[in-house]
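>>> Here is the input, now give the coordinates:
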Amino acid sequence: MEKLGAAVGVAKTTISGYENGNREPPLAVIAKLAHALRTTADYLLGITDAEEQPFLSPAVDASAGAPTFHWNGAELDEQELRTICEFIESIVAKNKRRTSEERSS
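Here you go, the predicted structure:
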């Protein structure tokens, strides 16, 4: 847990909270977790069983120390990332609503 926490920039207690279901990671942390674990955010969220790497992948710029994201080799700017995050958030919310409705039926 300590190495994973260091890789994504959170404390090991935070990672423990994610694993135990006591905390939910923000989308930026989910992306970092997926990269560190060499899997996809969809897999981590339980949306898919496929563990393969996505075309959208974070890369760390050693000089800046901040992750940059690429799609098929092209770097995405902040607005493009914001749009992608909003889209993902809407899908996750829709899936949560659907799951909640199915459980209450």
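
>>> okay, now Ile30: neighbour count?
Residues lying near Ile30 (other CB atoms under 10 Å) number 20. Heads up, the C-betas are built off the backbone N, CA and C, glycines and all.

>>> whoops, Ser16 was the one
Ser16 has 13 neighbours, counted by other CB under 10 Å.

>>> ok, it to Asp77 distance?
Using CB to CB, to the nearest Å, we find Ser16 at a distance of 34 Å from Asp77.

>>> give the contact list for Val8.
When contacts are counted by CB atoms under 8 Å, 6 or more residues apart in numbering, Val8 is found next to Ile15, Val29, Lys32, Leu33, Ala36.

>>> Now it: closest residue in space that isn't a chain neighbour?
Lys32 (3.9 Å; CB to CB, 6 or more residues apart in numbering).

>>> before we move on, which element is that neighbour in?
With elements taken from DSSP states H and E, the one containing Lys32 is helix 27-36.

>>> Show me what that helix is packed against.
helix 2-8, helix 41-45, strand 56-60, strand 67-71, helix 78-104 (3 or more CB pairs under 8 Å, 6 or more residues apart in numbering; DSSP states H and E).

>>> sorry, back to before: per-residue confidence for the residue nearest to Val8?
Lys32 is assigned a pLDDT of 88 by the prediction.

>>> That one: neighbour count?
Other residues within reach of Lys32, judged by other CB under 10 Å, total 21.

>>> Correct me if wrong: it contacts Ala7.
Yes. Between Lys32 and Ala7 there is a contact under CB atoms under 8 Å: 7.2 Å.

>>> Now, of the contacts of Val8, which are buried?
Ile15, Val29, Lys32, Leu33 (16 or more other CB atoms under 10 Å).

>>> The third one and Ala6, how far apart?
Note on Lys32: its distance to Ala6, by CB to CB, is 11 Å.

>>> how about the most centrally placed residue in the chain, what does it touch?
For the chain, the residue sitting closest to the mean C-alpha position, by CA atoms, centre = their mean, is Ile30 at 2.3 Å. Taking CB under 8 Å, 6+ apart, we find Ile30 in contact with Ala41, Leu44, Leu45.
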